[in-house]
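Colleague: give the three-dimensional model of this entry:
(one chain, ligands or ions: 1)
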Amino acid sequence: MEEFRKDVIQEILYTQLIAIKNLNEALKKDEFTMPDSVVHARRQLAHYFLNNGRKPLLGLNEWVTAMLQPVKTWLPEAEDFINLEAPLWENNGWSRDSEYFLQAYGRPEDYQELTVLKVLEYCRKNNDQEGYVLFRSFLSDPEWAVVSEEELNQMAASFSDEFLKQQIRACYEPFAEWEQARKCPYCGWSLLKKSGLWHCGHANVCFDLEGSNKWSLQTAEPFPFGKDTRVYRLRPGIHRYTLIPGIPEKRIAENLSKIHRVERYPEQDRFDLAVYLDNRNIYLDVKCFRSPDHLATYIERLGPERLEEFRTHAWFVIPREYASKGYINRVRNRIELQVNVCEEDQLYQLLKEGVVS
Ligand SMILES: [Zn+2]
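Modeller: Numbering: from 1, shown residues only. This next block holds a predicted model:
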């Protein structure tokens, strides 16, 4: 696909996703005002259809209907960027594929909870690397995904900084229904029953990861809290965009630290991991995209300076649970740029053999 056309399709998907979310939020308010983003997204799509000899979607209803249909029914040319069988919007939120697309194409503020971004900004400003690592470590550990009030207090008490104490609390919400829920065997968050099956969060990402692993959401255990315990869980956006990708990051850090000196979120999150080797340091970014196309989109959108780092001392690492057969080849075929990218197990091997040293 030509570069300009590729950009147009990606931009269209992105604009529709932001618009449908804004429309959903506007509908929740007492007084409804049509968000500008919806007007803009519909116009952009109509314009694209007209220019490509297709009948534009005229009314709001028609547009919303399209958002709920598999993408192949209205934008089949988006094949390289999103799963055509999935709709953009389902179960009252972005579909799983939409979420992956946004992480690849959007900006963190489109999907990430503000609390996490605020903490990053604060720690960068105050050069508080230790506070930041502690903060992120809690948010990427399944053991802290659902906690009692006492545990939440303990967590807050482990920060000396007042702002971070407050912000860690702000990452959690009361979870009164814990007795009806189950503990996710992958991420530790709350499973709730929908149509007879246990689901992890709105987009049920952990269900996607089930296939390659030895656990099942359907055999999950209840939470071990005593009766009348006040329970809190991570806010859904933090669960989805910080905890879930944080799990493989944590595992990779632990595995590497058996042999090497490792630092998590070095230089206030410039990378996920730094590995200090004898002769030099390497930096890792752990990328949790289910589809290699989403990783390719993400890489293509990095600026030249950032890309240069991934040609020299930095690596993209695909965790085990995301690395399907042929993943790396698919990434390489899609992008014309030479970058360092490997699967988790390959990384361990390369380091053992001293290939990366
Ligand atoms: Zn889960």
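
Colleague: please count neighbours and contacts with C-alpha atoms only from this point.
Modeller: Noted.

Colleague: how many neighbours does residue 308 have?
Modeller: Counted with other CA atoms under 10 Å, residues neighbouring residue 308 total 14.

Colleague: output the set of residues of the stretch 51-200 of the chain in proximity to the ion.
Modeller: With CA under 5 Å from the ion as the criterion, the stretch 51-200 of the chain comes near the ion at residues 184, 187, 200.

Colleague: so which of those wins on neighbours?
Modeller: residue 184 (28 neighbours).

Colleague: for the residues of the stretch 51-200 of the chain next to the ion, give me TSV that also has pLDDT.
Modeller: As requested, those are exported to TSV (pLDDT from 0 to 100):
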residue	pLDDT
184	97
187	96
200	95
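
Colleague: now those in TSV, with distance to residue 244 and secondary structure?
Modeller: Formatted as TSV, those follow (distance: CA to CA, whole Å; DSSP: H, G, I helix; E, B strand; the rest coil):
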residue	distance to residue 244	secondary structure
184	11	coil
187	6	coil
200	11	strand
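
Colleague: list the buried residues in stretch 280-290.
Modeller: Neighbour-count burial for stretch 280-290, counted by 16 or more other CA atoms under 10 Å, picks out 282-290.

Colleague: between the residues of the stretch 51-200 of the chain next to the ion, which is nearest residue 35?
Modeller: Using CA to CA, residue 200 is the member of those that sits closest to residue 35, with 30.4 Å.

Colleague: secondary structure element for the residue lying closest to the closest one once chain neighbours are set aside?
Modeller: Spatial nearest neighbour of residue 200, excluding adjacent residues (CA to CA, 6 or more residues apart in numbering): residue 191 at 4.7 Å. For residue 191, the host element (DSSP states H and E) is strand 190-194.

Colleague: tell me which other helices or strands the longest helix seen in the chain touches.
Modeller: With secondary structure taken from DSSP state H, the chain has its longest helix at helix 3-28. Counting contacts by 3 or more CA pairs under 8 Å, 6 or more residues apart in numbering; DSSP states H and E, helix 3-28 packs against helix 36-51, helix 60-68, strand 93-94, helix 96-105.

Colleague: kindly recompute the last result at 10 Å.
Modeller: Other elements packing on helix 3-28 under the criterion 3 or more CA pairs under 10 Å, 6 or more residues apart in numbering; DSSP states H and E are helix 36-51, helix 60-68, strand 89-90, strand 93-94, helix 96-105, helix 108-111.

Colleague: residues contacting the fourth one, please?
Modeller: Counting contacts by CA atoms under 10 Å, 6 or more residues apart in numbering, the residues outside strand 93-94 that touch it are 17-18, 20-21, 24, 67-68, 87-88, 99-100, 102, 202-203.

Colleague: among those, which pair sits farthest apart?
Modeller: Spatial extent of these (CA to CA) is set by the pair 24 and 100 at 19.4 Å.

Colleague: who has more neighbours, those two?
Modeller: Neighbours per residue (other CA under 10 Å) separate residue 24 from residue 100, with residue 100 holding more: 21 against 13.

Colleague: tell me the confidence at the more buried one?
Modeller: Looking at residue 100, its pLDDT stands at 91.

Colleague: so it makes contact with residue 291?
Modeller: Yes: counting by CA atoms under 10 Å, residue 100 touches residue 291, with 8.2 Å between them.

Colleague: please report phi then psi for residue 261.
Modeller: Per-residue torsions, residue 261: phi -80, psi 130 (degrees, to the nearest 10).

Colleague: can you get me a residue count around the nearest residue to it once chain neighbours are set aside?
Modeller: Closest residue to residue 261 apart from its sequence neighbours, by CA to CA, 6+ apart: residue 276 at 5.3 Å. Using other CA under 10 Å, residue 276 has 16 neighbouring residues.

Colleague: over to residue 335?
Modeller: As a burial measure, residue 335 scores 15 neighbours (other CA under 10 Å).

Colleague: one step back: what about the longest helix of the chain, distance to the chain center?
Modeller: Remark: helix 3-28 is offset 18 Å from the chain centroid, using CA atoms, centre = their mean, to the nearest Å.

Colleague: per-residue pLDDT, the residue in the stretch 251-357 of the chain that the ion sits nearest to?
Modeller: Residue of the stretch 251-357 of the chain nearest the ion, by CA to the ion: residue 321 (13.0 Å). pLDDT for residue 321: 91.

Colleague: same check on residue 9?
Modeller: pLDDT for residue 9: 94.

Colleague: residues contacting the spatially closest residue to it that is not a sequence neighbour?
Modeller: Among residues not flanking residue 9 along the chain, residue 78 sits closest, at 6.3 Å (CA to CA, 6+ apart). Residue 78 makes contacts with 6, 8-10, 12-13, 71-72, 84, as judged by CA under 10 Å, 6+ apart.

Colleague: much appreciated, bye for now.
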